[in-house]
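>>> Only the shape, not the letters, is given here:
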């Protein structure tokens, strides 16, 4: 049985300048994910990113339109930076993902694939994905709806700066994200 868990985490991870609330998805590493050298295959990482993205959209979106963004988008571009090889592991690998930009007909997400063992963090991959909503029945891209934009903007703009931490700001940010 797969052990998949997700949660939202506030703050930066020491990578990139974009600090926001990040969704963390725990993805099991499957034996079939390995190549002949015993490392997770490079193409498999893109599948991991998709699993994390869909989980984030379905977990944090305030309405049923999340299904449209989770299942009705096409990838325009991936930028993947491999940092370290990952072999088979019993514990799930963590994938942090967050929205970095929302435009009229596209949005960009960033990802970090990592593990933490005994207080030591290993980053395996960092990536960004440019996505556009797509209507498969008409085979055409579409604009992002106001409801979808509100959900994506909440993730893109929920900055929590450690140096300026204020509990009131945290509570206000959480209330805005959950729509209360």
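Arrived safely, thanks for sending. These figures come from a predicted structure and were not determined experimentally.

>>> Now do the helices in the chain.
Per DSSP state H, the chain carries helices over the ranges 42-60, 66-71, 146-156, 167-178.

>>> which strands and helices sit next to the longest one?
When you say that, I think you mean helix 42-60. Counting contacts by 3 or more C-beta pairs under 8 Å, 6 or more residues apart in numbering; DSSP states H and E, helix 42-60 is packed against strand 5-9, strand 22-27, helix 66-71, strand 73-82, strand 93-102, strand 107-117, strand 120-135, helix 146-156. For every residue, glycine as well, the C-beta is placed using N, CA and C.

>>> quick one: average pLDDT of the fifth one?
Yep, that's strand 93-102 we're talking about. Averaging pLDDT along strand 93-102 yields 92.

>>> go on, the first one?
Taken as a whole, strand 5-9 carries a mean pLDDT of 48.

>>> Tell me what residue 22 is bridged to.
Counting by DSSP bridges, residue 22 forms beta bridges with residue 9.

>>> Use 25 as the first number for this chain going forward.
Right, with 25 as the first residue, what we last looked at is residue 46.

>>> Quick check: pLDDT value at it.
Value listed for residue 46 in the pLDDT field: 83.

>>> Residue 169 too?
pLDDT at residue 169 comes out at 87.

>>> what about residue 167, neighbour count?
13 (other C-beta atoms under 10 Å).

>>> so how far is residue 96 from it?
Distance, residue 167 to residue 96, by C-beta to C-beta, to the nearest Å: 13 Å.

>>> which residue sits closest to residue 97, ignoring its sequence neighbours?
Residue nearest to residue 97 in three dimensions, not counting chain neighbours: residue 155, with 4.5 Å by C-beta to C-beta, 6 or more residues apart in numbering.
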